Structure formats: C-alpha cells, structure tokens
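A.B. asks: the sequence isn't on hand, but the structure is:
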C-alpha cells in the first residue's frame, strides 16, 4: 500500500448518474488518499449524524490500513512478514481476512496466492523502479510463494509463515474486506443509500435517492479513464474490475501489467483484457476479479457459474464481451454502449 505514481489507473469504473438529493435527505461526501489509492465516499442520510458517520468511516479505513499495509512497520501483516517461523497474534479481523484469502487459493489451485509479496517486490510495478527481473531472480522469488506455508491457528489467533523470505501481500483482498466492514457499519446505522469507492472497489448501497438503481460504467480497457463500453444497473452490489490497463509499465516495447501469475512469475498473458465481478460481497468481488482473470475465460467463467451471488463481465482482447448467466437473464441489467464491442451470446 505504498504510494504509487500509477494510482490514477485504479479509479474505475466511473459513476454515470447521480440524482440530486431530496430535501429531506442529507448528502455528505469526502475523499482521502488511503490504501494506496483515492477513497471516495458519499452517504445519503436523513439526520445530521451523517457527517459524523462519514468521519467515522474514514477513521475505520485508517485503522484497517494500520493493520493490513505491509509497508507500515507496525502493521500486523508486517509483523508476520518480519518473523518467519514465529506465531504472530493477530486481531479477529485479520484472521478472518486471511482465512477467506486461503479459500480463494484453494478454489484456484494456488493461482490466487497472498504469499506473493516477494514476487511483487521484485517486479516493483507499483513502485518507483518497475522492471522485468531476470529469470533467475523470478525463479528464486517463486520458491517463496506457497499459500500452503501460511499456518493459521484459530485457537490461538496466530499466523505463521513457515518459509524464510516469504511475504504476505493482501492487496488483492484487503479493499474488498474493508468495504464489507464499512457496509455492515452503514447498515447498522440504517443508512439507506451510499456510494463507496475504494480505488475502483465499488459498493452501491441501496438505491439512488429517487428509488432507481445506480447506473455505473464498465471501463473500456482500451480507452482512457472515463471511457466505458457499457453500463450495469445495480442495488446493494459491489463491482470490482481487474484489467491489464490498471497498473503497468513498458520495457523494450512490451507492456507488463500488475496481475502476476504466482506459478509462472510473470504478468498473466491470456486472452483477457479485463474482468468485472459483481457480488453483494465486496470481498468476493475483489478476490474473484483476480482469481477469474488468472484462471482465464473458460475456467474463470465456469467458476463464476458454480458460485452463488457472483456474476461476471469478461472482456477478451478481441473486444468481445462475455457475461455470466445472471446478467444474460436480466437479473443485473447490462447494456453495451460502445459499438466496438460485441456481446457473446
């Protein structure tokens, strides 16, 4: 979660339609740079505590960042990474997040793997010196990637890495996990409507103030920020996209994006340009966006269709749009608005 000069590419999809608030509804909004990205929050409430809620939510995000950023020396993740072969006591939230992370690893046969930190550091795609590492360095880093060597002890609430040099990187799940905690807080406070954007991890709580669904854009992976290929209409739904355009660098006229395959050690080079996952759970949407991208079109869509409360919009590099059954049958309205893209029936 260190500062990245490429953070602008994470702010997607874009919001397309925001209705004006009714007189009885208080709108409060704010943005801060947290979690290595721009966090934008908009709440619609019916009392003057709404501003206090917004402040509370930003405080919650800061607290979670202090736990999960491996670049903060005092964080729980940093403590785990710095002490291999030693059980580190963690909070219940951290234990829950890591348990769920390992579930994504299990269903993808290790293609999703939060022990990828050493490999991420080697490529430094989010940092100041992105570069293509040597084959030898990649091979060495891969020896330190294996989710099965993350030892969870629920009875003692401890986490241990059983391999020297292994590092956890929770970047593929933390924002989704945090978003779900924020949504739970808002529901407890009986907030009926909110827009949460944690650097492209979107949650649309309730409906717009006029009662209609939120309409948001799905980014054109070949266009500029703000250009979209279609729209979805959702309520109480998270939308998270992983794509080749989000964070990348160019070397020797080749483009290298940030979605690293923990089995090959290189950015995944399949036929996919982007994967958008829609789910009432932002954690599921976050974890599945990476997992499905790495699995590829056929295996990824098969996993989506086998999983309840998960839908997908997958864009292949030939500009074909592949949608899951729940979108096909209209459970989630989707419309292509860019005629360069065609939907696979």
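C.D. replies: Sure, I can see it. Predicted, not measured: the structure shown is a model, and the values here were computed from it.

A.B. asks: from what I can see, residue 33 looks like it's in a strand, true?
C.D. replies: Yes: when DSSP: H, G, I helix; E, B strand; the rest coil is applied, residue 33 is found to be in a strand.

A.B. asks: pretty sure it contacts residue 40?
C.D. replies: No: in this structure, residue 33 is not within contact of residue 40 by CB atoms under 8 Å, at 10.6 Å. C-beta: built from backbone N, CA, C; applies to glycine.

A.B. asks: the spatially most central residue of the chain: which element?
C.D. replies: Closest to where the C-alpha atoms of the chain average out (CA atoms, centre = their mean) is residue 286, at 3.7 Å. Residue 286 belongs to helix 282-295 when assigned by DSSP states H and E.

A.B. asks: after that helix, next one along is what?
C.D. replies: Next along the chain from helix 282-295, counting by DSSP H and E, comes helix 297-306.

A.B. asks: for that following helix, which positions count as buried?
C.D. replies: Across helix 297-306, burial judged by 16 or more other CB atoms under 10 Å covers 297, 299-301, 303-304.

A.B. asks: partner strands of the helix or strand just after that helix and their direction?
C.D. replies: Next along the chain after helix 297-306, taking DSSP H and E as the criterion, comes strand 311-316. Strand 311-316 has the following sheet partners, assigned by DSSP bridges: strand 272-279 (antiparallel), strand 320-323 (antiparallel).

A.B. asks: give me the contacts around the first one.
C.D. replies: Residues outside strand 272-279 that contact it (CB atoms under 8 Å, 6 or more residues apart in numbering) are 13, 218-219, 221-222, 232, 234, 237-245, 284-286, 288-289, 292-293, 296-297, 300, 304, 309-317, 327, 332.

A.B. asks: do you know the pLDDT at the nearest residue to the residue nearest to the centre of the chain once chain neighbours are set aside?
C.D. replies: Closest residue to residue 286 apart from its sequence neighbours, by CB to CB, 6 or more residues apart in numbering: residue 176 at 2.7 Å. The per-residue pLDDT reported for residue 176 equals 98.

A.B. asks: next: residue 98.
C.D. replies: Looking at residue 98, its pLDDT is 97.

A.B. asks: show me this structure divided up by domain.
C.D. replies: 7-63+193-343, 68-161 (automatic domain parsing).

A.B. asks: longest single helix anywhere in this structure?
C.D. replies: Secondary structure of the chain read by DSSP state H shows that its longest helix is helix 50-68.

A.B. asks: quick one: distance of the lowest-mean-pLDDT helix or strand in the chain to the chain centre.
C.D. replies: Taking mean pLDDT, DSSP states H and E as the measure, the chain has strand 248-251 as its least confident helix or strand, at a mean of 88. Put simply, strand 248-251 sits 21 Å off its chain's centre (CA atoms, centre = their mean, to the nearest Å).

A.B. asks: from the contacts of strand 272-279, list just the buried residues.
C.D. replies: If we count by 16+ other CB under 10 Å, the contacts of strand 272-279 have these buried: 13, 218-219, 221-222, 232, 234, 237-245, 284-286, 288-289, 292-293, 296-297, 300, 304, 310-316, 327, 332.

A.B. asks: so residue 342 sits right up against residue 318, yeah?
C.D. replies: No: when contacts are counted by CB under 8 Å, residue 342 is not listed as touching residue 318 (9.1 Å).

A.B. asks: buried ones in the helix or strand harbouring residue 203?
C.D. replies: Residue 203 is located in strand 201-205, with elements delineated by DSSP H and E. Using 16+ other CB under 10 Å as the test for burial, strand 201-205 gives 201-205.

A.B. asks: and which of those is nearest residue 269?
C.D. replies: Taking CB to CB as the measure, residue 269 lies nearest residue 201 of these, at 24.6 Å.

A.B. asks: for residue 44, what are its contacts?
C.D. replies: So residue 44 contacts 21, 25-27, 50, 191-194, 209 (CB under 8 Å, 6+ apart).

A.B. asks: give me the buried subset of those.
C.D. replies: Applying 16+ other CB under 10 Å to these flags 25, 50, 191-194, 209 as buried.

A.B. asks: and the least confident of these?
C.D. replies: residue 25 (83).

A.B. asks: now it: how far from residue 161?
C.D. replies: Distance from residue 25 to residue 161, counting by CB to CB, to the nearest Å: 48 Å.

A.B. asks: with residue 181 instead?
C.D. replies: 25 Å.

A.B. asks: repeat that for residue 80.
C.D. replies: Distance from residue 80 to residue 161, by CB to CB: 6 Å.

A.B. asks: which neighbours do these two share?
C.D. replies: With CB under 8 Å, 6+ apart, residue 80 and residue 161 have common neighbours residue 168.

A.B. asks: returning to that earlier point: could I get the buried ones among the contacts of residue 44 as TSV with distance to residue 276 and secondary structure?
C.D. replies: Converted to TSV, the buried ones among the contacts of residue 44 look like this (distance: CB to CB, whole Å; DSSP: H, G, I helix; E, B strand; the rest coil):
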residue	distance to residue 276	secondary structure
25	29	coil
50	30	helix
191	25	coil
192	25	coil
193	22	strand
194	20	strand
209	25	coil
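
A.B. asks: closest one of these to residue 124?
C.D. replies: residue 194 (35.2 Å).
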